[in-house]
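Novice: I'd like to go over a predicted model; first the sequence, then the structure.
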Amino acid sequence: MAALGALGFVFITSMSMDIVEQVEKSTDRREEGLLGTINAFVHKLVGAGGVLISGLIISFAGFDNPNALQADLYGGDIINNFAIIHLE
């Protein structure tokens, strides 16, 4: 699944100059900077979304429980929660 997402970014990046040409035909101006900035912003947005989803998964599994003892972190409940999330 991640490979398909990465493949999409490769296609978007490689086709960006074609988009610049189309924008130039429409507006009679070249705007590589604007389109490059949008591309970089989307990359950063997707990266931040990945970190957010990872944090939500860790929170759901109970890994960040401040009341848990250190020995409890390696107990069965948290490991089982990670396994359930992975299998779903």
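Specialist: Perfect, thanks for sending it.
Novice: just the helices from the chain, written as ranges.
Specialist: 2-27, 32-61, 76-87 (DSSP state H).
Novice: kindly calculate the angle that the longest one makes with helix 2-27.
Specialist: The one in question is helix 32-61. Comparing the axes of helix 32-61 and helix 2-27 via axes from the mean of the first three to the mean of the last three CA atoms, to 10 degrees yields an angle of 150 degrees.
Novice: just checking, what packs against helix 32-61?
Specialist: helix 2-27, helix 76-87 (3 or more CB pairs under 8 Å, 6 or more residues apart in numbering; DSSP states H and E). The way it works is simple: take the backbone N, C-alpha and C, and place the C-beta from them, glycine included.
Novice: turn those helices into CSV, columns for mean neighbour count, mean pLDDT and distance to S54.
Specialist: Compiled in CSV, the helices and strands packed on helix 32-61 are given as follows (neighbours: other CB atoms under 10 Å; pLDDT from 0 to 100; distance: least, CB to CB, whole Å):
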stretch, mean neighbour count, mean pLDDT, distance to S54
helix 2-27, 11, 78, 12
helix 76-87, 12, 69, 11
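Novice: can you lay out those helices as JSON lines showing distance to V51?
Specialist: Listed next are the helices and strands packed on helix 32-61 as JSON lines, based on distance: least, CB to CB, whole Å:
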{"stretch": "helix 2-27", "distance to V51": "14"}
{"stretch": "helix 76-87", "distance to V51": "16"}
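Novice: between these, which one is closest to I58.
Specialist: helix 76-87 (8.8 Å; CB to CB).
Novice: right, and the helices and strands packed on helix 32-61 - which one's nearest F41?
Specialist: The nearest among these, by CB to CB, is helix 2-27 at 12.3 Å.
Novice: list the helices and strands that closest one packs on?
Specialist: Using 3+ CB pairs under 8 Å, 6+ apart: helix 2-27 touches helix 32-61.
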